[in-house]
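Asks: When you get a sec, could you give me coordinates for this:
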Amino acid sequence: QVRVVESGGGLAQAGESLRLSCTASGGTFYSGAMGWFRQAPGKKREFVAAISGSGDSTYYSDSVKGRFTISRDNAKNTGYLEMSSLEPEDTAVYYCNADVVYYTDYEPLPRDDYWGQGTQVTVSS
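Replies: Next up, the predicted model:
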C-alpha cells in the first residue's frame, strides 16, 4: 500500500514563494503521473497541477499557470510544487495524489488510494 506524505506548507505573505513536497513510499511512484489539488475553506477540492510519470509533460489550472511549477524526482520518489507570486486566494489545504490518470489537455483523475493527508498553505495580504 502506498503512503503519501506532503510537507512544506506554512504561512507566507502575498508575493512570496513556498515549495511543497510529496513523498510516496510502498509503491512504484516513478510509473504513475501525480497531481496537486487544493481545498479552501467552504469550497470543493480543485485541481492545481499535474505531471506525467516521466516528468516530460505538465498541466496546470488557469489560476496558477505561470506562477506555480510542478516537478518530480523519481529517484527520490518525490514530487514538488514550487509556488511563487502567492496570492491570498491561494490559501488552502494542498493535497498530493501520487497516481492520477493523466491527460495532456484536461484535468487529471485522482485515484482514491493515493491521497496524502494535506498540508496547509496560508497567504496573508
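Asks: My read is that residue 58 contacts residue 48, right?
Replies: No. Using CB atoms under 8 Å, residue 58 is not in contact with residue 48, being 11.3 Å away. C-beta: built from backbone N, CA, C; applies to glycine.
Asks: quick one, which of these two is more surrounded?
Replies: Applying other CB atoms under 10 Å to residue 58 and residue 48 shows that residue 48 carries more neighbours, namely 24 against 18.
Asks: and that one, which of the three is it?
Replies: What DSSP: H, G, I helix; E, B strand; the rest coil gives for residue 48 is strand.
Asks: And the closest residue to it other than its chain neighbours, what's its pLDDT?
Replies: Nearest non-adjacent residue to residue 48, counting by CB to CB, 6 or more residues apart in numbering: residue 36, 4.3 Å away. The model reports residue 36 with a pLDDT of 98.
Asks: Repeat that for residue 29.
Replies: 57.
Asks: Tell me which residue lies nearest the centroid of the chain.
Replies: residue 36 (2.3 Å; CA atoms, centre = their mean).
Asks: Can you tell me how far the residue lying closest to residue 1 once chain neighbours are set aside is from residue 77?
Replies: In space, and not counting its chain neighbours, residue 1 is closest to residue 26: 5.6 Å by CB to CB, 6+ apart. Per CB to CB, to the nearest Å, residue 26 is found 9 Å from residue 77.
Asks: Looking at these two, which has the bigger crowd around it?
Replies: The residue with more neighbours, out of residue 26 and residue 77, is residue 77; 19 against 10, by other CB under 10 Å.
Asks: Would you confirm that that one contacts residue 23?
Replies: Yes. With contact defined as CB under 8 Å, residue 77 counts as touching residue 23 (5.9 Å).
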